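S.K.: here are the coordinates; sequence isn't available:
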């Protein structure tokens, strides 16, 4: 039997986290970096919320994977089926086994329809959609923009949802559309957010609440979508005072997410990490396997998953891999995250905060929590350019 191919650093996942880290490691001088990911196309997923808001298309966010892989990085176009951290081996669906010096686990998360009975079935009807799956994001805007009366329910989970406040984007853009079309008064908008707040930045919360009042949105916080009945078009919303049944004419869901099953099956999760990669939330090193690292949506880092969070996590992992090898002090991730939320079709705010809900203005500007047209243009048009040209190449810290 041939010995497994071995790489100095093996990265599991070829999304934002995986390619950004691979690019950063190559720029830092690591000569042997490989990525495992089966995808043939790469998507800039933050634009999905704009697709769901009628402000972008799927073509705007999609490129061939081979065009965005950093130079000098080997790619295995295959699926991971298991990791043996004791022997430093990764098993692939095609039968290949790979060895590693250090392993970065960042496969992303996936929609967990099992957590909300009936939700997946509802997505097969014309009356329900989500921006968290590419094939359903365009349907979201078609459904919302065609509504002229009735009740629309927006149900936003906080259970491992990547940047859950962006679920408010299609809500506020649609409400602005209904206002301009003169039908807003005929539409009852129900917002159920599982978190006790709309966003974890206390500076941004008042602006979002004000936008909700302006559009007549009924806001329920600490409220969980527990069931969907697609046949009768009703949802069960469990809040602090019990469970209500609410009828809907249109339903938007930001659903709970989970890590790939092989993470827990490989012993990389713990009971406390809820199936996600169990890491020290500051150093991002695995709690039991020192040559394993976790970042991105599949890692339990005690912070809201987002692209902005990755911007802080990638350099921490890249530097800490070298620190482990040299026996030098490790860098720390402070739990920074950011949520860009529109308050209308032409205004957006940036909510920036750390894991303790402390404001953390990473761009060095105090009032980014104030809705601005310039911020919407930055988020919709400049950020994708930075992503394709710099971030995936490891050039952004």
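M.R.: Looks like it came in fine. Since the model is a prediction, treat every value here as computed from it, not as a measurement.
S.K.: going forward, measure contacts and count neighbours with C-alpha atoms only.
M.R.: OK.
S.K.: low-confidence ranges in the stretch 251-397 of the chain?
M.R.: The stretch 251-397 of the chain contains residues with pLDDT under 70 at 362-366, 397.
S.K.: Could you rerun that using 90?
M.R.: 356-367, 394-397 (pLDDT under 90).
S.K.: Is residue 186 in contact with residue 148, as I believe?
M.R.: Yes. Between residue 186 and residue 148 there is a contact at 7.0 Å, judged by C-alpha atoms under 8 Å.
S.K.: Run the chain-centre distance for stretch 376-394.
M.R.: 16 Å (C-alpha atoms, centre = their mean, to the nearest Å).
S.K.: Then stretch 167-179?
M.R.: That offset, for stretch 167-179, works out to 20 Å (C-alpha atoms, centre = their mean).
S.K.: Renumber starting at 56 from here on
M.R.: In the new numbering, first residue 56, that becomes stretch 222-234.
S.K.: Identify all contacting residues around that stretch.
M.R.: Applying C-alpha atoms under 8 Å, 6 or more residues apart in numbering, the contact partners of stretch 222-234 are 104-105, 107-108, 186, 196, 199-200, 203, 209, 211, 239-240, 266-267, 270, 309, 396-400.
S.K.: Now with 7 Å, please.
M.R.: Residues from elsewhere that reach stretch 222-234 (C-alpha atoms under 7 Å, 6 or more residues apart in numbering): 104, 107-108, 199-200, 211, 239, 270, 309, 396-400.
S.K.: Which members of these occur in helices, if any?
M.R.: Among the contacts of stretch 222-234, the ones falling in helices (DSSP state H) are 104, 199, 200.
S.K.: any idea how far the second one is from residue 225?
M.R.: According to C-alpha to C-alpha, to the nearest Å, residue 199 and residue 225 sit 8 Å apart.
S.K.: Just want the most central residue of the chain.
M.R.: By C-alpha atoms, centre = their mean, the chain has its centre lying nearest to residue 217, at 2.4 Å.
S.K.: Now do the contacts for that one.
M.R.: By C-alpha under 7 Å, 6+ apart, the neighbours of residue 217 are 352, 360, 361.
S.K.: What is the burial count for the last one?
M.R.: Right, residue 361. 20 (other C-alpha atoms under 10 Å).
S.K.: My guess is it contacts residue 218. True?
M.R.: Yes. Contact criterion C-alpha atoms under 7 Å: residue 361 and residue 218 qualify, at 5.0 Å.
S.K.: tell me which element residue 277 falls in.
M.R.: Using DSSP states H and E, residue 277 sits in no helix or strand.
S.K.: er, residue 80 actually
M.R.: Going by DSSP H and E, residue 80 is in helix 71-82.
S.K.: what does residue 214 give?
M.R.: Using DSSP H and E, residue 214 falls outside every helix and strand.
S.K.: which residues does the closest residue to it other than its chain neighbours contact?
M.R.: Nearest in space to residue 214, with sequence neighbours left out and distances taken as C-alpha to C-alpha, 6 or more residues apart in numbering, is residue 311 at 5.0 Å. Taking C-alpha under 7 Å, 6+ apart, we find residue 311 in contact with 166, 167, 170, 212, 213, 214, 215, 216.
S.K.: Over to residue 116?
M.R.: With C-alpha under 7 Å, 6+ apart, residue 116 has these contacts: 98, 99, 100, 102.
S.K.: Look up how far residue 103 lies from the residue lying closest to the first one once chain neighbours are set aside.
M.R.: Leaving out its chain neighbours, the residue that sits closest to residue 98 by C-alpha to C-alpha, 6+ apart is residue 117, at 4.5 Å. Noted for residue 117: a distance of 10 Å to residue 103, by C-alpha to C-alpha.
S.K.: Pick out whichever of these two has more residues nearby.
M.R.: residue 103 (27 against 14).
S.K.: Check that one and give its pLDDT.
M.R.: As predicted, residue 103 sits at a pLDDT of 98.
S.K.: helix, strand or coil for the closest residue in space to it that isn't next to it in sequence?
M.R.: Take residue 103 and drop its neighbours on the chain: the residue closest to it by C-alpha to C-alpha, 6+ apart is residue 186, 5.8 Å away. With DSSP: H, G, I helix; E, B strand; the rest coil as the basis, residue 186 sits in coil.
S.K.: List the residues that contact residue 186.
M.R.: Taking C-alpha under 7 Å, 6+ apart, one finds 103, 104, 107, 192, 195 in contact with residue 186.
S.K.: Filter those residues down to the buried ones and hand me the PyMOL line.
M.R.: A single PyMOL command selects the buried members of these (16 or more other C-alpha atoms under 10 Å):
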select buried, resi 103+104+107+192+195
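S.K.: Quickly name whichever of the contacts of residue 186 is closest to residue 404.
M.R.: residue 104 (14.5 Å; C-alpha to C-alpha).
S.K.: what's the closest non-adjacent residue to residue 409?
M.R.: Nearest to residue 409 is residue 391, by C-alpha to C-alpha, 6+ apart, at 4.2 Å.
S.K.: Tell me how many other residues surround that neighbour.
M.R.: Neighbours of residue 391 (other C-alpha under 10 Å): 26.
S.K.: can you pull the contacts of it?
M.R.: Counting by C-alpha under 7 Å, 6+ apart, residue 391 touches 364, 408, 409, 410, 415.
S.K.: how close does residue 230 get to residue 307?
M.R.: 13 Å.
S.K.: In terms of neighbours, single out the busier of these two.
M.R.: residue 230 (27 against 24).
S.K.: Surely that one is in a strand?
M.R.: No. Assigned with three-state DSSP, residue 230 falls outside any strand and is helix.
S.K.: pretty sure residue 64 contacts residue 153?
M.R.: No. Counting by C-alpha under 7 Å, residue 64 stays clear of residue 153, with 10.8 Å between them.
S.K.: neighbour count winner among the two?
M.R.: The neighbour comparison of residue 64 against residue 153 (other C-alpha under 10 Å) goes to residue 64, with 23 against 19.
S.K.: residues contacting the more buried one?
M.R.: Contacts of residue 64 (C-alpha under 7 Å, 6+ apart): 87, 88, 89, 155, 156, 157, 158.
S.K.: And the fourth one, how far from residue 367?
M.R.: So that's residue 155. 24 Å.
S.K.: Check the second one too.
M.R.: In this structure, residue 88 lies at 20 Å from residue 367, with C-alpha to C-alpha as the measure.
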